[in-house]
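In: here is a sequence with its predicted model. Questions after.
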Amino acid sequence: MQSHWAARGRSFSAMLCLGIESSCDDCGAALVRDGRLVDQALASQTELHALFGGVVPELASREHYRSLGPLFDLLLQRNSISPGEIDLVAVTRGPGLLGSLLVGTAFAKALALSLSIPIIGVNHLHAHLLACGLEHDLNYPAMGLLVSGGHTRLYLIESPDRLTLLGRSIDDAAGEAFDKIGCALGLPYPAGGLIDQLAKTAQGGGAFPLPEPYPETLDFSFSGLKTAASLIIKKRPSLSGKERPEREKDLPAFCAALNRSISGVLARKLAAALDLHPECRAVWLAGGVAANSAVREKIQALARQRGLDFLAPSPALCADNAAMTAYAGALLGGMGYYHETDFETFPRGRKIPDDMLRRAK
Ligand code: KG4
Ligand code: ZN
């Protein structure tokens, strides 16, 4: 594959990188050139999975299989780009749903082989964080807080290829807590965004003292919060929809309490991690839950207090998307990294190996 770099003879800064994302229920293809997003095409499966109250893996992979080809065609046509102009393919290799990841990586590998261009398998969690660079200049070292549906993690980030994991969710992730508590409240899946909207309308209503679960390490645990919230919901019919007028007041108040609890835990953990790493110059916040208004406000306030830069993708780029995959791939490709086409995909829970190859300078 090394020879494919040479064959291109194009400077890395002018490189056109195609990104493919299919780790969960959102399918996407995006183009990044010179560190800037050219365009992206996305196919959301949210409505389909909402019928089942959560993502159905088998359905997700079938939808990716149906969507990817047309999305790729649409992206290229819309931008008058021919496949031969693509210099590098970046694809999410995990963590995610295995079947979904296999659809995306098989598509990307076939494309790279047919075009004789290099390919790079991208860590989805790293891509969420590196997506901060799509709209801001990245500065290192940074403390990265990744908050998504499946993961809550703290990373020390020294460069695009050096992210050291400092803390992680040991049970439910923050997004999972939002979604499961939302389900108990009778809200549609995924409930995080709706809970946030409701929280913004809170005026009075009941007082809901929710805990801020805080294990002593830099790890996160949100299952206790989920249990506490479920107990309150069971005791208060006004929350699960049985007493309409009260629900109109209590539900927003409860959602605001939930926003406070989760953003509070995240900020305290981040503060503890920053105490241990005073060398950090910036805080990067990313992942679907980074779109949450309380989380954004609290983390930004903490960064300001400490005189650190605060970077977070705009809300639309916090959720799963292919722009972040293309961007992360372009950064790593720019450093000379690539994979052979036999690289593997990794479901959630399996450690992704550091097995990128690097071309000779
Ligand atoms: O990063 P993401 O799109 O997918 C994963 O890789 O998991 O994150 C999805 C998660 C869901 O749990 C969703 O409920 C949550 O992000 N989410 C939010 C908000 N918007 C999305 N949670 C709280 N407040 C929001 N505004
Ligand atoms: Zn994600």
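Out: Okay, I see it. Ligands and ions are numbered 1, 2, ... in the order given.

In: and the stretch 1-150 of the chain, which of its residues are near ligand 1?
Out: Contact residues, the stretch 1-150 of the chain versus ligand 1 (CB under 6 Å from any ligand atom): Cys24, Ser148, Gly149, Gly150. Any C-beta I mention is one placed from the backbone N, CA and C, and that applies to glycine too.

In: now for these, which pair is the farthest apart?
Out: Comparing all pairs in these by CB to CB, the longest separation belongs to Cys24 and Ser148, at 9.2 Å.

In: common neighbours of the two, please.
Out: Common neighbours of Cys24 and Ser148, counting by CB atoms under 8 Å, 6 or more residues apart in numbering, are absent.

In: from ligand 1, how far out is Tyr214?
Out: Per CB to the nearest ligand atom, to the nearest Å, Tyr214 is found 19 Å from ligand 1.

In: meant to ask about Leu276
Out: The value you get for Leu276 to ligand 1, if CB to the nearest ligand atom is used, is 26 Å.

In: what does Leu98 give?
Out: Taken as CB to the nearest ligand atom, the span from Leu98 to ligand 1 is 15 Å.

In: for that residue, list the residues it contacts.
Out: Neighbouring residues of Leu98 by CB under 8 Å, 6+ apart: Pro57, Thr345, Pro347.

In: swap in Asp179?
Out: Asp179 touches Gly54, Gly149, Tyr189, Pro190, Ala191, Gly192, counting by CB under 8 Å, 6+ apart.

In: pLDDT below threshold where in the stretch 1-150 of the chain?
Out: Residue ranges of the stretch 1-150 of the chain with pLDDT under 70: 1-13.

In: in what helix or strand does the one residue in the stretch 1-150 of the chain that gets nearest to ligand 1 lie?
Out: Proximity of the stretch 1-150 of the chain to ligand 1 (CB to the nearest ligand atom) peaks at Gly149, 2.7 Å away. Secondary structure assignment for Gly149, by DSSP states H and E: no helix or strand.

In: right, and it touches Ser169 too?
Out: No. Contact criterion CB atoms under 8 Å: Gly149 and Ser169 do not qualify, at 10.9 Å.

In: for the residue of the stretch 201-350 of the chain found nearest ligand 1, what are its contacts?
Out: Ligand 1 sits closest to Gly288 of the stretch 201-350 of the chain, with a gap of 2.1 Å, by CB to the nearest ligand atom. Residues near Gly288 by CB under 8 Å, 6+ apart: Val147, Ser148, Gly149, Gly175, Pro190, Gly192, Cys318, Ala319, Asp320.

In: list the contacts of the fourth one.
Out: Spelled out, it's Gly175. Gly175 neighbours (CB under 8 Å, 6+ apart): Val147, Ser148, Gly149, Gly150, Thr152, Pro190, Gly192, Gly287, Gly288, Val289.

In: how far away is Leu194 from Ser230?
Out: Leu194 sits 18 Å away from Ser230, going by CB to CB, to the nearest Å.

In: report the central residue of the chain.
Out: By CA atoms, centre = their mean, the mean C-alpha position of the chain lies nearest to Gly287, the distance being 3.4 Å.

In: excluding sequence neighbours, find me the nearest residue to that one.
Out: Ser148 (3.5 Å; CB to CB, 6 or more residues apart in numbering).

In: ranges for the helices of the stretch 201-350 of the chain?
Out: Here the stretch 201-350 of the chain has its helices, by DSSP state H, counting those that start in this stretch, at 223-235, 237-240, 244-276, 293-305, 322-334.

In: select from the contacts of Asp179 the one having the most neighbours.
Out: Gly192 (29 neighbours; other CB atoms under 10 Å).

In: wait, doesn't that residue sit right on Ser293?
Out: No. Using CB under 8 Å, Gly192 makes no contact with Ser293, being 11.2 Å away.

In: what sits against the closest residue to Val283 other than its chain neighbours?
Out: Nearest in space to Val283, with sequence neighbours left out and distances taken as CB to CB, 6+ apart, is Ala303 at 4.1 Å. If you count contacts by CB under 8 Å, 6+ apart, Ala303 has them with Ala282, Val283, Asp309, Phe310.

In: ok, His277 next?
Out: Taking CB under 8 Å, 6+ apart, we find His277 in contact with Pro141, Met143, Leu156, Leu166.

In: check the contacts of Asp179 against ligand 2, which are close?
Out: Among the contacts of Asp179, proximity to ligand 2 is found for none (CB under 5 Å from the ion).

In: could these go into JSON lines alongside secondary structure?
Out: As requested, these are exported to JSON lines (DSSP: H, G, I helix; E, B strand; the rest coil):
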{"residue": "Gly54", "secondary structure": "coil"}
{"residue": "Gly149", "secondary structure": "coil"}
{"residue": "Tyr189", "secondary structure": "coil"}
{"residue": "Pro190", "secondary structure": "coil"}
{"residue": "Ala191", "secondary structure": "coil"}
{"residue": "Gly192", "secondary structure": "helix"}
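
In: just the CA trace of stretch 255-270, in CSV.
Out: The C-alpha coordinates for stretch 255-270 follow below in CSV (Å, rounded to 0.1, in the frame of the first residue of the first chain):
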residue,chain,number,x,y,z
CYS,A,255,-35.4,17.1,33.4
ALA,A,256,-33.6,20.2,34.7
ALA,A,257,-32.6,18.3,37.8
LEU,A,258,-31.3,15.5,35.6
ASN,A,259,-29.3,18.0,33.5
ARG,A,260,-27.8,19.4,36.7
SER,A,261,-26.9,16.0,38.1
ILE,A,262,-25.1,14.7,35.0
SER,A,263,-23.4,18.0,34.1
GLY,A,264,-22.3,18.3,37.8
VAL,A,265,-20.6,14.9,37.8
LEU,A,266,-18.9,15.5,34.5
ALA,A,267,-17.6,18.9,35.6
ARG,A,268,-16.2,17.5,38.9
LYS,A,269,-14.5,14.6,37.2
LEU,A,270,-13.0,16.9,34.6
